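Q: sequence-free structure coming up:
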């Protein structure tokens, strides 16, 4: 008797499961996104606050120029569907705020906050798909290690252009117009 052939999960399969808020398609499999720990949730909130000046039209008083989101589902050309911790689109490239679910427009920046037991997804699987889709900037925040890795797209793969630990203040692309205190992202007081 022939063994049934494996078929990668599709968006229709994911929708058929019902509550899609915490589901992703990674490597052709429907995967439940890790439930955020308090450290993860706090880091996501602090990241949102840190880059908030960019989430508007550019003006003389703030950098602006981005559509920024948290917990955004983006579908990629190879069928992967990620619920990114944070993602952004340059307004000069995407003039209207993305509104479809899932978003099918390539982000210009993605940030994943590492969750225990999901490191492979954030450090190996997702970067491969994002690189193939030519996402220009990929950040990884690790609340446990208290580090930020800033990646830039290159033809050969992502290049880590900055590494910063909790006690450092940096200007990280693509948001170099402001200083970010890395420790504040992890809940340190100013």
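A: Looks like it arrived, so ask away. Quick caveat, the model's predicted, so the values are computed rather than measured.
Q: residue ranges for the strands of this structure, please.
A: Along the chain, the stretches classed as strands by DSSP state E are 23-26, 29-32, 66-75, 81-90, 109-113, 137-142, 147-152, 159-165, 169-170, 180-181.
Q: Tell me the gap between the second one and the middle of its chain.
A: Chain-centre distance of strand 29-32: 17 Å, with C-alpha atoms, centre = their mean, to the nearest Å.
Q: Partner strands of it and their direction?
A: Taking DSSP bridges as the criterion, strand 29-32 sits next to strand 23-26 (antiparallel) in its sheet.
Q: about what we covered before: any chance of the strands of the chain in TSV, plus mean neighbour count, distance to residue 14 and mean pLDDT?
A: Where C-beta positions appear, they are placed from N, C-alpha and C, glycine not excepted. Formatted as TSV, those follow (neighbours: other C-beta atoms under 10 Å; distance: least, C-beta to C-beta, whole Å; pLDDT from 0 to 100):
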stretch	mean neighbour count	distance to residue 14	mean pLDDT
strand 23-26	21	5	93
strand 29-32	14	6	91
strand 66-75	20	9	96
strand 81-90	23	7	96
strand 109-113	24	19	97
strand 137-142	22	23	97
strand 147-152	20	27	97
strand 159-165	13	32	96
strand 169-170	14	36	95
strand 180-181	19	34	94
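Q: Low-confidence ranges, this protein, go.
A: 1-4, 59-62, 190 (pLDDT under 70).
Q: Can you list the neighbours in contact with the biggest helix by length in it?
A: Across the chain, the helix with the greatest residue count (assigned by DSSP state H) is helix 38-51. If you take C-beta atoms under 8 Å, 6 or more residues apart in numbering as the criterion, helix 38-51 is touched by 34, 36, 66, 68, 70, 85-86, 88, 111, 113, 115, 141, 143-144, 175, 178, 180-181, 184-187.
Q: can you rerun that using 7 Å?
A: With C-beta atoms under 7 Å, 6 or more residues apart in numbering as the test, helix 38-51 has contacts from 68, 70, 85-86, 111, 113, 115, 141, 143, 175, 180, 184-187.
Q: and if you look at stretch 162-182?
A: Contact partners of stretch 162-182, identified using C-beta under 7 Å, 6+ apart, comprise 50-51, 53-54, 63, 108-109, 137, 146-150, 152, 161, 183, 186, 188.
Q: List the contacts of the nearest residue to residue 125 once chain neighbours are set aside.
A: Once flanking residues are discounted, residue 125 sits nearest to residue 26: 5.6 Å by C-beta to C-beta, 6 or more residues apart in numbering. By C-beta under 7 Å, 6+ apart, the residues touching residue 26 are 80, 121, 125.
Q: Could you give the bridge partners of residue 26?
A: Taking DSSP bridges as the rule, residue 26 bridges to residue 29.
Q: if I look at it, how far off is residue 78?
A: Going from residue 26 to residue 78 by C-beta to C-beta, to the nearest Å gives 11 Å.
Q: Then residue 45?
A: From residue 45 to residue 78 the distance is 31 Å (C-beta to C-beta).
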